[in-house]
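[1] curious how this folds, go ahead:
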Amino acid sequence: MTSIKALRKWLVMRMSTQNGKNILVFMVFLCVSAIFWLVLTLNDEYQRDISIPIEITNVPDSVVLLSAPPRSINVSVRDKGNVLAKYQWGEIPAIKINYSDFISVDNKMVVSHEQLNNVLHSYFGSSANILTTKPDSISISYTTRPGVKIKIDISDNIEATAAPGYVITDEPYCIPDSVILYSIESVTGKIKSVKIENLVFTGLTDSIAVNTPVSVPDGMRAVPDMVKVVIPVERLERKTRTVPVTVNNPPAGQEVTVTPSEVMVVYLVPASRRDNDNYPIYVTADYRQRNTDPDGAKMPLAISNLPDFYTAPQIFRVDNNEIRIDSIEYVLQDFEP
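    Here you go, the predicted structure:
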């Protein structure tokens, strides 16, 4: 407050001098000149390119527009500066096109070039000179047929891979899983499903959800026309399990003893399943697939009964979990009578 009073006092002192009065007079004349210049400038004619939003109004509830109207019209217009100033600096209001004024008998709403110019003259005023419009006309197909619910098939349109240490835990899916399909002709029984645009993802480290357009045949419309595609991805965690070795197809009258009798199975599971790890795992050695090795006869090992979400299973020795094994030594013994 003290500084404001001091500034006010300094200004009063300065303006009371002859130089201060001269500056004040100069500023007044400068403002008056600027106002005159602005008035004269705004009275001149100018050409401007203006993008005007479009709204289709009064569309009955029983009618569905099959093709989207243009979001805006680019108009090159010539008029006085004071008329165009509000479009240059202010928010541009939308052009409202009344649906019932432009419908035709062939399931189309058509606004011809001449009709569009009439709408634009009403929008800008009679003094405006419309030079060009883009687009220069509007044609929108519509239908009064009820829509048909159609499933969305994304099985062939998504290619996704997870980064090392991560896994796609489930099939990609979309929300919603179906759309309402509208057409001039009946689609019942003709179209079983609709597709989405192709999506490619690599190196995923987290679940993703992306919005993507629905692809429909020409002359049709899907509601909604965008769906959310979800790809669930999780981090993998290392798990270990000590499992006894079971011998399959032993010879009749003989007992097969394997060394070691237990092995360590190492595998990866999604993080969400790490605490629900109660699925049984079996490690088997098939006697029929044995080989003869000078250093000792061996049988190949196999892991079975793994659920799909157990990935990259490997077998290691229990007494040394750094040694990976794929076969096991065995000894035959006759059953005692």
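
[2] could you list the buried residues of stretch 60-70?
    Going by neighbour count (16 or more other CB atoms under 10 Å), the buried part of stretch 60-70 is 63-67, 69. Every C-beta, even on glycine, is put in place using the N, C-alpha and C of the backbone.

[3] show me the contact partners of that stretch.
    54, 56, 59, 97, 99, 109, 135, 138-144, 147, 182-184, 219-221, 223 (CB atoms under 8 Å, 6 or more residues apart in numbering).

[4] next one: stretch 320-336
    Outside stretch 320-336, the residues within contact range by CB under 8 Å, 6+ apart are 240, 245, 247, 251, 253-260, 263-264, 266, 285, 287, 290-291, 296-301, 314-317.

[5] hmm, try it at 6 Å
    253-259, 264, 285, 296, 298-301, 314-317 (CB atoms under 6 Å, 6 or more residues apart in numbering).

[6] ok, how many other residues are close to the closest residue to Asp286 other than its chain neighbours?
    Using CB to CB, 6 or more residues apart in numbering and skipping residues adjacent in sequence, the residue nearest Asp286 is Asn248, 4.7 Å away. By other CB atoms under 10 Å, 15 other residues sit near Asn248.

[7] could you pull out the helices for the protein?
    2-15, 18-42, 81-89, 113-124 (DSSP state H).

[8] hey, least reliable of those helices by pLDDT?
    For the helices of the chain, the weakest mean pLDDT is recorded on helix 18-42, namely a mean of 51.

[9] pLDDT score for the spatially closest residue to Ser141 that is not a sequence neighbour?
    Nearest non-adjacent residue to Ser141, counting by CB to CB, 6+ apart: Leu66, 4.2 Å away. Leu66 is assigned 90 on the pLDDT scale.

[10] and Leu66, how far from Ile97?
    Per CB to CB, to the nearest Å, Leu66 is found 17 Å from Ile97.

[11] Glu171: neighbour count?
    10.

[12] give me phi/psi at it?
    phi -70, psi 140 (degrees, to the nearest 10).

[13] give me the domain ranges for the protein.
    2-42, 45-143, 148-231, 236-334 (automatic domain parsing).

[14] which one of these has the poorest average confidence?
    Lowest mean pLDDT of the domains of the chain: domain 2-42, a mean of 54.

[15] look up how far Ser62 lies from Pro69.
    When distance is defined by CB to CB, Pro69 is 18 Å away from Ser62.

[16] meant to ask about Arg78
    Plainly put, Arg78 is 42 Å away from Ser62 if you go by CB to CB.

[17] same check on Ser215?
    Ser215 is 26 Å from Ser62, by CB to CB.

[18] go on, Ile231?
    According to CB to CB, Ile231 stands 39 Å off from Ser62.

[19] can you check Thr144 too?
    Distance, Thr144 to Ser62, by CB to CB: 5 Å.

[20] list the buried ones in stretch 316-336?
    316, 325, 327-330.

[21] now, which of these lie within strands?
    Judged by DSSP state E, those include 316, 327-330 as members of strands.

[22] where do the strands sit along the stretch 151-300 of the chain?
    158-162, 166-168, 173-175, 178-183, 193-196, 199-204, 208-215, 220-223, 226-231, 233-248, 254-259, 262-270, 282-286, 298-304 (DSSP state E, counting those that start in this stretch).

[23] who does the second one touch, helix- and strand-wise?
    Yep, that's strand 166-168 we're talking about. Contacts defined by 3 or more CB pairs under 6 Å, 6 or more residues apart in numbering; DSSP states H and E place strand 166-168 against strand 233-248.

[24] need the residues that contact the strand it packs on.
    162, 165-169, 204, 206-207, 256, 258, 261-262, 264-272, 274, 277, 281, 283-286, 318.

[25] likewise for stretch 210-226?
    For stretch 210-226, contacts defined as CB under 6 Å, 6+ apart pick out 66, 179-183, 194-197, 227-229.

[26] stretch 276-292 now?
    Residues outside stretch 276-292 that contact it (CB under 6 Å, 6+ apart) are 239, 241, 243, 245-250, 263, 265, 298-305, 307, 328.

[27] mind redoing it with 8 Å?
    With contacts defined as CB under 8 Å, 6+ apart, stretch 276-292 is touched by 239, 241, 243-251, 256, 258, 263, 265, 269, 297-307, 310, 315, 327-328, 330.

[28] ditto for stretch 173-190
    With CB under 8 Å, 6+ apart as the test, stretch 173-190 has contacts from 64, 66, 107, 141, 143, 145, 147-152, 154, 191, 194, 196, 214, 216, 219-225, 227-230.

[29] ok, 7 Å please
    For stretch 173-190, the surrounding residues in contact (CB atoms under 7 Å, 6 or more residues apart in numbering) are 64, 66, 107, 141, 143, 145, 147-152, 154, 191, 194, 214, 216, 219-224, 227-230.

[30] Arg235 bridge partners, please.
    Following DSSP bridges, Arg235 is listed with bridge partners Tyr166.

[31] and Lys228, by the same measure?
    When bridges are called by DSSP bridges, Lys228 pairs up with Ile175, Asn211.
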